[in-house]
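Peer 1: Compute the structure for the input listed below.
(3 chains)
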Amino acid sequence: MKYWLMKSEPDVFGIDHLMARPDQTEHWDGVRNYQARNFMRDDMKVGDQVFFYHSNTKVPGIVGIAEVVREAYPDHTQFDPDSKYHDPKSDPDDPRWVMVEIKFKRKLDRIITLRELKDQGSKLQDFKLVQRGNRLSIMPVSKKHWDYILSLE
DNA sequence: GCCAACGTTGGC
DNA sequence: GCCAACGTTGGC
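Peer 2: Sure thing, here's the model as predicted:
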């Protein structure tokens, strides 16, 4: 089983939106970064655990835990001319972008803020999230980091 | 709202 | 293949 972190803007789709979905499950569309896509396409498996992270908000941080319930399949928004995720260069016979489905597991007792994660110093220094200029929206989390971060809760 | 960091695009 | 220009991300 692997561990991941997925970013989302709470104004657009936050942990509360996920909780409110039928079956508390939602597909993760709109990923348009190759590195993030490759993680979904090649490495995400059913049962993998996910930190749900709120970005681009007043207090960015990890707010909850979700689980992968469906592995990569084509992201339909790439073929929708009305979608902001439309990609006219994507070939329907060889879709460029994929998505997975995740299911809500729980909220953390409190938000574990980016500030706090950065303050852990050497404990998390090789965690991509706290490194300079990180913009990756989906990233792997080592078991060691996963356990350590949860110990902060 | 600002702006640094980064990814992508496209001319050459 | 290089790299300048541009667009986006996301913390602050």
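Peer 1: how about the lengthiest strand in chain A as CSV, C-alpha atoms only?
Peer 2: If you go by DSSP state E, chain A has its longest strand at strand A:98-113. In CSV, the C-alpha atoms belonging to strand A:98-113 read as follows (Å, rounded to 0.1, in the frame of the first residue of the first chain):
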residue,chain,number,x,y,z
VAL,A,98,-6.5,10.3,-16.5
MET,A,99,-8.2,10.5,-13.2
VAL,A,100,-8.7,8.3,-10.2
GLU,A,101,-11.6,8.1,-7.7
ILE,A,102,-11.1,8.7,-4.0
LYS,A,103,-13.3,8.2,-1.1
PHE,A,104,-13.5,10.2,2.1
LYS,A,105,-12.2,8.4,5.2
ARG,A,106,-12.0,11.0,7.9
LYS,A,107,-11.1,14.5,8.8
LEU,A,108,-8.1,15.1,11.0
ASP,A,109,-8.9,16.3,14.5
ARG,A,110,-7.2,19.6,13.4
ILE,A,111,-5.6,21.0,10.3
ILE,A,112,-1.9,20.2,10.1
THR,A,113,-0.7,23.4,8.5
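Peer 1: Whatever helix or strand comes next after that strand: how far from the chain's middle?
Peer 2: Scanning the chain past strand A:98-113 towards its C-terminal end, the next helix or strand to appear is helix A:114-118 (assignment: DSSP states H and E). Its chain's C-alpha centre and that of helix A:114-118 lie 17 Å apart, by Cα atoms, centre = their mean, to the nearest Å.
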